[in-house]
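# Quick one: sequence plus predicted model below, questions after.
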Amino acid sequence: MTDQTHDHSALLQLRNVSRHFGSFRALDEVSLTVRAGARHAIIGPNGAGKSTLFGLISGTLPVTAGSILLDGQDVTRLPVHRRVGLGVAATFQHSSLFLRESVLENVLLALLRRPGGGLGGLRRVAARPQAIAQAHALLDQVGLPTRHELAAAELSHGERRQLEVAVALATDPRLLLLDEPAAGMSPAETARLTALLAALPGEVTVLLVEHDLDMVFELADTVTVMHLGRHLMTGAPDEVRACAAVQSAYLGTTEVPS
Ligand code: ADP
Ligand code: MG
């Protein structure tokens with residue numbers, strides 16, 4: 001399964017990946033390399049295909065064509081839980097928290113590394129003091145050092161996004177996919193989230209979709225611009241900012257509806 005032409009600095013490689021919905025090409029032959037350790041942002045107007053791309057990478061959505069390699073291994077047809085096992089963790093544009101469970105339980109469930117594995121295993125994990133300590137440490141790391149007993153539903157919007165990051169980190173990811181983590185956040189919440197992401201260890205590669213360009217340019221070392229299902233360009237933040245095609249496709253838009 002290992003690919004001979006694999007670039008060893010690449011953690012993730014997309015090769016001519018397409019996703020069609022009927023005759024509509026949500027993604028059209030997108031190729032992209034994400035370096036191990038990168039802080040890589042994907043930007044582009046609504047409908048560019050960013051969330052669809054994340055679905056293909058995390059495995060929630062099958063590709064129509066093309067291939068996806070993780071560390072040189074073809075994962076194109078692996079189910080979500082197998083990709084999680086290989087270190088792919090995602091927070092989605094629409095929250096996937098267990099709202100009636102407590103903040104702490106949400107992280108404990110994720111420590112099981114089995115999304116959709118149900119609550120049956122929770123008792124087993126919760127019984128282990130070590131798992132509980134780990135969950136508290138993760139909540140500290142994302143800036144939620146208190147309020148662990150509250151139901152997730154009782155958290156503010158910003159706190160929920162912080163909890164989602166803790167849940168994603170609980171699976172010990174090598175690749176963390178964040179789809180618009182700052183959407184709906186106050187400036188203070190966005191600043192806190194940006195600081196938390198900036199402080200993640202280098203072993204965690206971050207692939208971020210975000211409309212907040214201040215956040216993008218603060219965090220990212222690499223920026224990809226997408227437009228109408230196509231890859232427009234990938235480069236250093238300064239190159240992307242300077243590119244005229246990018247400006248007309250995206251950066252000229254001051255207000256981006258979400
Ligand atoms: P972005 O996240 O960049 O805003 P999306 O990936 O959500 O874009 O969507 C890309 C395009 O694909 C949009 O035009 C959207 O309407 C379409 N699309 C996404 N999911 C579906 C689906 N399940 N069925 C049909 N069209 C879809
Ligand atoms: Mg989206």
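Arrived safely, thanks for sending. Residues are numbered from 1 along each chain as shown. Ligands and ions are numbered 1, 2, ... in the order given.

# Going by C-alpha atoms from here, please, whenever you check contacts or count neighbours.
OK.

# Enumerate the residues of the chain near ligand 1.
Contacts of the chain with ligand 1, taken as C-alpha under 6 Å from any ligand atom, map to 21, 26, 46-52.

# rerun at 8 Å
20-22, 24-27, 43-54, 226-229, 258 (C-alpha under 8 Å from any ligand atom).

# Report the buried members of those residues.
By neighbour count, with 16 or more other C-alpha atoms under 10 Å, those hold 20, 25-27, 43-46, 48-54, 226-229 as buried.

# Would you mind measuring from the residue in the stretch 101-250 of the chain positioned nearest to ligand 1 to His20?
Residue nearest to ligand 1 within the stretch 101-250 of the chain: Gly229 (6.7 Å; C-alpha to the nearest ligand atom). Gly229 is 10 Å from His20, where distance means C-alpha to C-alpha, to the nearest Å.

# Can you check which residues contact both of the two?
Contact criterion C-alpha atoms under 8 Å, 6 or more residues apart in numbering; residues bridging Gly229 and His20 by contacting each: 26-28.

# In contact with Ala110, which residues?
Neighbour list for Ala110: 167-168, 170-171 [criterion: C-alpha under 8 Å, 6+ apart].

# Geometric centre of the chain: which residue is closest?
Leu177 (1.4 Å; C-alpha atoms, centre = their mean).

# Tell me the secondary structure at the closest residue to Glu189 other than its chain neighbours.
Among residues not flanking Glu189 along the chain, Gly158 sits closest, at 5.8 Å (C-alpha to C-alpha, 6 or more residues apart in numbering). Counting by DSSP: H, G, I helix; E, B strand; the rest coil, the backbone at Gly158 sits in helix.

# gap between Gly158 and Ala188?
Distance from Gly158 to Ala188, by C-alpha to C-alpha: 9 Å.

# More neighbours: these two, which one.
Comparing Gly158 with Ala188 by neighbour count (other C-alpha atoms under 10 Å), the higher total belongs to Gly158, at 20 against 10.

# how about the more buried one, what does it touch?
182, 184-186, 189-190.

# Show the buried residues in these.
Buried members of the contacts of Gly158, counted by 16+ other C-alpha under 10 Å: 182, 185, 189-190.

# Where does pLDDT dip in the stretch 101-250 of the chain?
113-127, 249-250 (pLDDT under 70).

# the strands in it, which residues?
Secondary structure of the stretch 101-250 of the chain (DSSP state E, counting those that start in this stretch): strands located at 175-179, 205-209, 222-227, 230-235.

# how far is the second one from where the chain is centred?
When C-alpha coordinates are averaged (C-alpha atoms, centre = their mean, to the nearest Å), strand 205-209 and its chain have centres 5 Å apart.

# Partner strands of that strand, with direction?
In the sheet, strand 205-209 lines up against strand 39-43 (parallel), strand 175-179 (parallel) (DSSP bridges).

# again, but for the third one
Its sheet considered, strand 222-227 pairs with strand 39-43 (parallel), strand 230-235 (antiparallel) by DSSP bridges.

# Name the nearest of the shared contacts of Gly229 and His20 relative to ligand 1.
Ligand 1 lies nearest to Ala26 out of the shared contacts of Gly229 and His20, by C-alpha to the nearest ligand atom, at 4.1 Å.

# need the contact list for that closest one.
Ala26 is in contact with 18-20, 47-49, 52, 228-229, counting by C-alpha under 8 Å, 6+ apart.

# hmm, 10 Å instead?
Contacts for Ala26 (C-alpha atoms under 10 Å, 6 or more residues apart in numbering) come out as 18-20, 47-53, 228-230.

# Checking it next. Helix, strand or coil?
Applying three-state DSSP: Ala26 is strand.

# how close does it get to Ala168?
Taken as C-alpha to C-alpha, the spacing of Ala26 relative to Ala168 amounts to 26 Å.

# His8: neighbour count?
With other C-alpha under 10 Å as criterion, His8 counts 11.

# Now it: which helix or strand?
Following DSSP states H and E, there is no helix or strand that holds His8.

# and it, what does it touch?
Per C-alpha under 10 Å, 6+ apart, neighbours of His8: 35-36, 71-72.

# I am finished for the moment; much appreciated.
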